[in-house]
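starting from these lines, generate the structure:
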Amino acid sequence: MGGGIAPAKTVVDPLEAIGFVLAGGTLTKPIVFVSVDWCEIRNGSYDAWRGELAVVAGTDPERVFVTTIHQHDAPVVDVEAQRLLEARNAAGAVCDIAFAEASVGVVARALGSALERTGRRVTHVGIGRAKVDRVASNRRFVLADGTTSYHRTSASQDLQAYAAPEGTVDSWLRTLSLWDDDRPLLALSSYAVHPMSHYGHGEVSAYFIGMARRGRQRALPEVVQIYASGCSGNVTAGKYNDGSPSNRPVLAARIETAMTEAWAQTQRQPLESASFRSVPLRFEPRTGVGHTPADLESRIRNDANPFDQCLAAMAMSWRRRTEAGRPIDLPVLELGPAVLVLLPGEAYVEYQLLVQRLRPDAFVMALGYGESATGYIPTSQQIAEGDENLGAWYWVSETAEDVLTAGLRQALGANEPGGL
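Predicted structure coming up:
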């Protein structure tokens, strides 16, 4: 789990992949959307998910939206990185290849079974939002001596982390729904926060987000409930979470309350058109000490820490992707008044806020954890301030902000200047 942090010991609650297919109308080919209770899907493994689901749905891989919720006690899948480790007899292990490949087949078969059933007409789209109470906080906070810290983790024991303001967050949970006249079919909710409260003990779980999602499914059994994480690379529950198991249901209840309120505030509008577009992003790999090809090779072979071997293997897998000229897709789906955009990696919340500024005319839902091979995607501010989280799980160069910002402007058709 977690890309090599620890093996699974027990399954506290099951992990799920929940999605939908949208076809017809003004769409030239079907759109597939699936949100997965995994930590990350990376590189060739991400291509495999999109490719297999595209074949089943009769569409193009770029029209398959695959996003992970980013639970840490769940798989990180990068088959290429795992093969690098195995070829060198390394002690570290990113993922189980047989399990990873079989999982894609399970989801593809579920998709095929769904497509065999009679589809539901979609006539309206619903949009609603609600503020979340006491969940999200930025990793960055200012210490009593005036210096800056990025140590507000998902579970924090630091009294200063509790006392400091939330920092830069997006306080709103958004719910996008599809309707057949006045009958709701599905609700896709999103909020920008790391989904864990207590973790790291080998207990597989969908965490407090899974609890909230399942609570809403029980409340509305006829409406498929889907959750996707927003751009939350630098947003955790650390201000409001001490890591105790008893806090998981507390955070779940706060998310579920916001989901309920967003549903109550939902406004339906006729869905007269739907459109898709995608922009290729060409990030550059991180360079410097420890990240040259020779350094990565040495770390995979010789690092005494198995997890550090895994990190080096994932970095090498990503570097090989960039060297092969394989870009990352930035897909956008417009559904009448709503815009759904899927960003790569652990994009920081500033990019979610940027997306909203670029399209003030629309109900914008920015999702993170698409193709996750990039690792963190910070802004220049965090790099300049020495964000300590950008040590290992960070594989793009300092040009990433420019690449992603330009791509978002193009993908969203932004007509006005805008940046971070």
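
helices along the stretch 301-420 of the chain, start to end?
Assigned by DSSP state H, counting those that start in this stretch, the stretch 301-420 of the chain shows helices spanning 306-323, 349-358, 380-385, 400-412.

biggest helix in the chain by residues?
helix 97-116 (DSSP state H).

C-terminal to it, what's the next element?
strand 124-131 (DSSP states H and E).

which is the next helix or strand following that next one?
With DSSP H and E setting the assignment, the helix or strand that follows strand 124-131 is strand 137-138.

what's in contact with that following strand?
The contact list for strand 137-138 (Cβ atoms under 8 Å, 6 or more residues apart in numbering) reads 152, 161, 166-169, 234-240, 349. In this view, the C-beta of every residue, glycine as well, is placed from N, C-alpha and C.

and it, how far from the chain's centre?
Distance of strand 137-138 from its chain centroid, counting by Cα atoms, centre = their mean, to the nearest Å, is 17 Å.

what lines up beside it in the sheet?
strand 235-236 (antiparallel) (DSSP bridges).

identify all contacting residues around the partner strand.
For strand 235-236, using Cβ under 8 Å, 6+ apart, the contacting residues are 136-139, 152-154, 156, 169-170, 192-194, 349.

can you tell me which of those has the most neighbours?
Ala192 (29 neighbours; other Cβ atoms under 10 Å).

wait, that one sits on Ser229?
Yes - Ala192 is within contact range of Ser229, at 7.1 Å (criterion: Cβ atoms under 8 Å).

I'd assumed Met316 was in contact with Pro293.
Yes - contact criterion Cβ under 8 Å: Pro293 and Met316 qualify, at 7.3 Å.

the two - which one has more neighbours?
Neighbour count, other Cβ under 10 Å: between Pro293 and Met316, Met316 has more, with 23 against 13.

not counting its neighbours along the chain, what's nearest that one?
Nearest residue to Met316, sequence neighbours excluded (Cβ to Cβ, 6 or more residues apart in numbering): Leu296, at 4.5 Å.

what's the helix or strand that contains the one you found packed up against?
Secondary structure assignment for Leu296, by DSSP H and E: helix 293-302. Secondary-structure packing of helix 293-302 (3 or more Cβ pairs under 8 Å, 6 or more residues apart in numbering; DSSP states H and E): helix 306-323.

off-centre distance for the helix it packs on?
That offset, for helix 306-323, works out to 20 Å (Cα atoms, centre = their mean).

against which helices or strands is that helix packed?
With 3+ Cβ pairs under 8 Å, 6+ apart as the test, helix 306-323 has helix 43-57, helix 79-87, helix 293-302 packed against it.

mind doing that once more with 6 Å?
Helix 306-323 is packed against helix 79-87, helix 293-302, with contacts defined by 3 or more Cβ pairs under 6 Å, 6 or more residues apart in numbering; DSSP states H and E.

would CSV of the contacts of strand 137-138 with distance to Ala90 be doable?
Listed next are those as CSV, based on distance: Cβ to Cβ, whole Å:
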residue, distance to Ala90
Arg152, 33
Ala161, 35
Glu166, 40
Gly167, 38
Thr168, 38
Val169, 38
Asn234, 30
Val235, 33
Thr236, 30
Ala237, 33
Gly238, 32
Lys239, 38
Tyr240, 38
Val349, 34
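
please indicate which of those are buried?
152, 161, 166-169, 234-240, 349 (16 or more other Cβ atoms under 10 Å).

of these, just say which sits nearest to Gln265.
Val169 (19.8 Å; Cβ to Cβ).

for Ile300, give me its contacts.
By Cβ atoms under 6 Å, 6 or more residues apart in numbering, the contact set of Ile300 is 88, 90, 309, 312-313.

likewise for Ala237?
135, 154, 251.

now do it, the pLDDT please.
Looking at Ala237, its pLDDT reads 96.

if I look at Tyr199, how far off is Cys39?
Using Cβ to Cβ, to the nearest Å, Tyr199 is found at 10 Å from Cys39.
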